[in-house]
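Novice: Show me how the following folds:
(chains A and B)
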There are 2 protein chains.
Amino acid sequence: MDNSSDTRPIGIFDSGVGGLTVLQELLVKFPNESFIYLGDTARVPYGTKSPATVERYTIQVAEFLLRQGVKGLVVACNTASALGLKALRDHSSVPVLGVIEPGCLAAAGLLQEDDASQTGGGMLASHRIGVIGTHATISSGAYAWHLGRLAPGCRVTSVACPLFVPVVEEGWTSYPSAALLIRESLQAFIDHPVDFLILGCTHYPILKPRIAAVLGPATTLVDSAKAVALSLNKLLGLVIVPSPTRNFVRYYVTDSASRFREVAVRFLPQLAMDSVEVVDL
Amino acid sequence: MDNSSDTRPIGIFDSGVGGLTVLQELLVKFPNESFIYLGDTARVPYGTKSPATVERYTIQVAEFLLRQGVKGLVVACNTASALGLKALRDHSSVPVLGVIEPGCLAAAGLLQEDDASQTGGGMLASHRIGVIGTHATISSGAYAWHLGRLAPGCRVTSVACPLFVPVVEEGWTSYPSAALLIRESLQAFIDHPVDFLILGCTHYPILKPRIAAVLGPATTLVDSAKAVALSLNKLLGLVIVPSPTRNFVRYYVTDSASRFREVAVRFLPQLAMDSVEVVDL
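Specialist: Presented below is the predicted three-dimensional model:
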């Protein structure tokens, strides 16, 4: 392996299928990189579990990917990023990118496609930023902490929307009850509108049109999948050596591969899931 | 230990807190028995997972309870009963009672408080019986199979209602969106009414008033918690020796005890959760 290229894959993981929204962005943006995706479908969801359990699961999944010889790790799960990232960084021999910092950078206007407008968060001090996520992500305070650091003075309102994940996983998004549930869950942002709403869970981009319909055009929705792709772009060439060509995209799950395919098609309809292997962590 | 009394506890387990609806019935009906409850909260839910994974988890949980010296096992989880019971009975040194046979017996009119009317299912041949449960329970066909055996000729309609569990776990039951979701999920039973509807998941009794409001008085709801208590009553004295006095009720969980308490209070408000221990299976 010379210094100018590194064909090793990038590992990306999530508690289940939600992280495929992140993978989808990465596959488009990095056509020469190989990826290994792992969905911990036997233990999904992480978002209702305790910090200690989420941290333990995060380390176990990462260890599997590290054994596959990845050159970098993307933690596509917000809950794992909120609760397991510190321990994972202490543990990992390769760079680790979570989803929370990218999402916060994007909401603070510090992450742009063209890198032209990185003028700092000062002028954004009066922005109102909303964050939605799982119980575990919101309770961790990780988003509020990073936003306070990146955009001091902005006002942050965080709300857990724990029913969004099952609604997406079950493909229930087009039912009238789902529309009503979204409205009820986002009542705080209807009563007190925000300038940006961070979709702090990889499942939530699937609900983007419905969330936008409830909140209207005055609120910009920040999709962390896009933010992660922009952030990974910054790492490639700096701390991760790029690959000249894509060799493979591989999928691993901890529960049934057929169930994964069935649900995954709602996230990545265009993806031919031709290699999904089951592993026992 | 003499033959006339056995003070060993009865083990009862569920994927999470839902089985507390069964425990509640058992605590009232068997005031002299000790119980050990285990909620596999680190791996909840079971209902969206594959048969092989559910079977593996069921055996692991049962092994823990067997090591605690239980004299009988109650599998309070419908999914574990549907998919893990056969393997567990091969594995267990003590009698194992699931929730599915009791629910089917009750729906077939073969399980009565007073045992007076056990005249068989023949006269019920024209009954229409509905079953609702998780994906895994419904896909297993376990209810349809037992009903076909116990009440041949009855017409069985099975519908998965996978969003009921998260709605209950999140305490979202009183929101208008939950009422609408219940109505949408039960549309098949509104279009084609049934005489009995088996609530084939231990979480569902929490939604009983709302389900009854949707289906009206012509449909009798069969709560498997009550059916399990009646069935256990038949086993005590036959294959399980009763205890003369209750010594303890103990709770174990595989994830955070505090999160369990928080959710459990929605199921068993009167219960003082004074001893909840975390175990790693």
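Novice: Give me the phi and psi angles of the closest residue to residue A:12 other than its chain neighbours.
Specialist: Distance criterion CB to CB, 6 or more residues apart in numbering or on different chains; nearest residue to residue A:12, sequence neighbours excluded, is residue A:74 at 4.2 Å. To be clear about C-beta, it is placed using only N, CA and C from the backbone, and glycine gets the same treatment. The phi/psi pair for residue A:74 (degrees, to the nearest 10) reads phi -110, psi 120.
Novice: show me the contacts for residue A:142.
Specialist: Residue A:142 makes contacts with A:81, A:82, A:83, A:100, as judged by CB atoms under 8 Å, 6 or more residues apart in numbering or on different chains.
Novice: Identify, by residue count, the longest helix of chain A.
Specialist: Criterion DSSP state H: the longest helix present in chain A is helix A:51-67.
Novice: got the buried residues for it?
Specialist: Residues of helix A:51-67 classed as buried by neighbour count (16 or more other CB atoms under 10 Å in any protein chain shown): A:53, A:54, A:55, A:56, A:57, A:58, A:59, A:61, A:62, A:64, A:65.
Novice: packing partners for that helix?
Specialist: strand A:10-14, strand A:35-39, strand A:72-75, helix A:78-91, helix A:135-140 (3 or more CB pairs under 8 Å, 6 or more residues apart in numbering or on different chains; DSSP states H and E).
Novice: Quick check: what element follows the helix or strand hosting residue A:165 along the chain?
Specialist: Using DSSP states H and E, residue A:165 maps to helix A:164-169. Tracing the chain past helix A:164-169, the next element assigned as helix or strand by DSSP H and E is helix A:176-185.
Novice: Okay, angle between that next one and helix B:176-185 too, please.
Specialist: Here helix A:176-185 points in a direction 170 degrees away from that of helix B:176-185 (axes from the mean of the first three to the mean of the last three CA atoms, to 10 degrees).
Novice: Pick out the residue closest to the middle of chain A.
Specialist: residue A:76 (3.8 Å; CA atoms, centre = their mean).
Novice: Name the nearest residue to that one, ignoring sequence neighbours.
Specialist: In this structure, residue A:76 finds its nearest non-sequential neighbour in residue A:19, 3.1 Å apart by CB to CB, 6+ apart.
Novice: Help me confirm that that neighbour comes into contact with residue A:37.
Specialist: Yes. Under the criterion of CB atoms under 8 Å, residue A:19 makes contact with residue A:37 at 6.9 Å.
Novice: what's the overlap in contacts for those two?
Specialist: A:12, A:13.
Novice: So what's the predicted local confidence for residue A:147?
Specialist: In the prediction, the pLDDT value recorded for residue A:147 is 93.
Novice: Could you report the distance from the residue nearest to the centre of chain A to chain B?
Specialist: 19 Å (CB to the nearest CB, to the nearest Å).
Novice: Which residues are in contact with that residue?
Specialist: Contacts for residue A:76 (CB under 8 Å, 6+ apart) come out as A:12, A:13, A:14, A:18, A:19, A:21, A:22, A:23, A:99, A:202, A:228.
Novice: between the residues you listed, which is nearest chain B?
Specialist: Among the contacts of residue A:76, residue A:18 lies closest to chain B (CB to the nearest CB), at 13.6 Å.
Novice: domain assignment for chain A?
Specialist: Under the assignment automatic domain parsing, the domains of chain A span A:10-99+A:227-278, A:102-223.
Novice: what residues does the stretch 51-200 of chain A put near chain B?
Specialist: A:52-53, A:162-163, A:165-167, A:169-170, A:172, A:175-178, A:180-181, A:183-184 (CB under 8 Å from any CB of the partner chain).
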